[in-house]
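A.B. asks: I would like to see how this sequence folds:
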Amino acid sequence: MDKKQNLQMIADISNANGAPGFEDEAVKQIRLHAEGLGEIKEDSLRNVYINRKENKGGRPMVQLDAHSDEVAFMVQAIRPDGNLRIIPLGGWVTSNIPAHKVWVRNGKGEYIPGITASKPPHYMTDEERNKALSMSDITVDVGAVSKEDAVENFDIRIGEPVVPDVTFTYDEKHDLMVGKSFDCRLGCASIISTLKELEGQELSVDVIGACCSQEEVGTRGSQITCRTVKPDIAIVFEGCPADDTCVEEYMVQTAIKKGPMLRHIDARMITNPRYQRYALDLAEELGIPVQAAVRSGGSTNGANIHLSGEGVPTIVIGVPVRYAHTHYGISSYADYENGVKLAVEILKRLDADLIKSF
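C.D. replies: Next up is the predicted model:
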């Protein structure tokens, strides 16, 4: 596995702007890095399909899934002072939103810089200081001094996306990736890395990678991809919220640098227990570090995929991401690499009889 090449791919895909419904830049990077792996198609929702060039047809179909969107915002209105009212696209904790740099797409399709803002403490009443921020308290300031200035000189218009302004970095010494949209651009990169590792190899299954749109607003894109791909079995790659800084030690199941996380359950899917156990046992047999988790909340595109057709055995291979659904994520490249290794080894072994056993 080419680490330098993978890190560049992760950086390119992570840095791309891609609010739910506005995934164009992320899709462009995915297409660039998947070039040569097979036929690449898109649908009207900006779902991207990578049809492995070694596919023959007439064999069980495997869907590799990830999502290309990121938690973001949309311009709802322009205030008289020129600041922008926004709504969230995806799940945010409001106290994490202010005082960060963002990109705002304007009417010309250009992304211009802005700052998420809230009332300074100097002007807050005691009541305001002691209550939680609401979205109505948070604005984006692009530097305009009036609504007219925002419209005429900054080309601001409502309905446009707003995304975090963060540039990917990698700390080789400590094996730490820091950047935005690791949920789930790490998954999109994982699909491409997996297909590259299997390039030219004979499998007993056909494989299509599907990078879905609009996961953060209700797993919408995967409702289309699973009907298009019609998989017999699936692997969902995710950037999963790490828990090693926020729960008791005995409850930690998604720590960075401990391997990818495979969940037994989340809010919308009970993972096929036979497929899950097969994956966990295979990882142990091959010495690939993994973590098993029982999640009481959250969900993935697996929610739609596993209920499609006549039921699709589906597992989630998640790279732990500290501080997911904020401007910044922290992940380990080793966890990413081990997730890809496990997916590759599963795909090498899959055939009709094994799938039927699940």
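
A.B. asks: How about the contacts made by Gly18?
C.D. replies: Listed by C-beta atoms under 8 Å, 6 or more residues apart in numbering, the contact set of Gly18 reads Asp24, Glu25, Ala26, Val27, Ser68, Asp69, Glu70, Ala72, Val163, Ser181, Arg185. C-beta coordinates here come from the backbone N, C-alpha and C atoms, glycine included.

A.B. asks: can we see that at 6 Å?
C.D. replies: Counting by C-beta atoms under 6 Å, 6 or more residues apart in numbering, Gly18 touches Glu25, Ala26, Ser68, Asp69, Glu70.

A.B. asks: and the last one, what pLDDT?
C.D. replies: Read it as Glu70. Note for Glu70: predicted pLDDT of 98.

A.B. asks: Just give me the neighbour total for it.
C.D. replies: The local packing of Glu70 (other C-beta atoms under 10 Å) involves 29 other residues.

A.B. asks: In what element of secondary structure is it found?
C.D. replies: Per DSSP states H and E: Glu70 is located in neither a helix nor a strand.

A.B. asks: which residues in the stretch 51-200 of the chain form helices?
C.D. replies: Assigned by DSSP state H, counting those that start in this stretch, the helices in the stretch 51-200 of the chain fall at 126-129, 147-153, 182-197.

A.B. asks: just checking, which of those sits deepest inside the structure?
C.D. replies: Burial of the helices of the stretch 51-200 of the chain is given as mean neighbour count (mean count of other C-beta atoms under 10 Å); helix 182-197 ranks first at a mean of 27.

A.B. asks: mean confidence for the helix or strand that comes right after it?
C.D. replies: Per DSSP H and E, the first helix or strand lying C-terminal to helix 182-197 is strand 206-212. Averaging pLDDT along strand 206-212 yields 98.

A.B. asks: go on, stretch 280-297?
C.D. replies: Stretch 280-297 comes out at a mean pLDDT of 97.

A.B. asks: How about it, which residues are buried there?
C.D. replies: By neighbour count with 16 or more other C-beta atoms under 10 Å, stretch 280-297 contains the buried residues Leu280, Ala283, Ile288, Val290, Gln291, Ala292, Ala293, Arg295.

A.B. asks: so Met177 bridges to which residues?
C.D. replies: Tyr170, Ser331 (DSSP bridges).

A.B. asks: Show the contacting residues for it.
C.D. replies: The contact partners of Met177, taken as C-beta under 6 Å, 6+ apart, are Tyr170, Ser331, Tyr333.

A.B. asks: export those to TSV and tack on pLDDT and distance to Leu354?
C.D. replies: Supplementary listing: these in TSV, determined by pLDDT from 0 to 100; distance: C-beta to C-beta, whole Å:
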residue	pLDDT	distance to Leu354
Tyr170	98	36
Ser331	98	31
Tyr333	98	30
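
A.B. asks: among these, who's most crowded?
C.D. replies: Ser331 (27 neighbours).

A.B. asks: Return the member of the contacts of Gly18 nearest to Ser299.
C.D. replies: Ser299 has its nearest neighbour among those in Asp69, at 14.6 Å by C-beta to C-beta.

A.B. asks: tell me the contacts of the closest one?
C.D. replies: Counted by C-beta under 6 Å, 6+ apart, Asp69 has contacts Gly18, Pro20, Glu23, Ser213, Gln214, Glu215, Glu216.

A.B. asks: how near is it to Ile191?
C.D. replies: Remark: distance between Asp69 and Ile191 (C-beta to C-beta, to the nearest Å) = 15 Å.

A.B. asks: who's the closest residue to Tyr336 other than its chain neighbours bridged to?
C.D. replies: Residue nearest to Tyr336 in three dimensions, not counting chain neighbours: Val319, with 5.2 Å by C-beta to C-beta, 6 or more residues apart in numbering. Under the criterion DSSP bridges, Val319 forms beta bridges with Gly239.

A.B. asks: Thought Glu337 was touching Val319, still the case?
C.D. replies: No - Val319 is beyond contact range of Glu337, at 9.5 Å (criterion: C-beta atoms under 6 Å).

A.B. asks: Confirm that Arg274 sits in a helix.
C.D. replies: Yes - counting by DSSP: H, G, I helix; E, B strand; the rest coil, Arg274 is part of a helix.

A.B. asks: Correct me if wrong: it contacts Leu354.
C.D. replies: No - if you go by C-beta under 6 Å, Arg274 and Leu354 don't touch, sitting 10.0 Å apart.

A.B. asks: Which residue of these two possesses the greater neighbour count?
C.D. replies: More crowded of Arg274 and Leu354, by other C-beta under 10 Å: Leu354, with 18 against 12.

A.B. asks: per-residue pLDDT, the more buried one?
C.D. replies: So, for Leu354, pLDDT stands at 98.

A.B. asks: Let me know the secondary structure of it.
C.D. replies: Here Leu354 is helix, with the state taken from three-state DSSP.

A.B. asks: How about it, nearest residue that isn't a chain neighbour?
C.D. replies: Closest to Leu354 by C-beta to C-beta, 6+ apart is Tyr278, at 7.8 Å.
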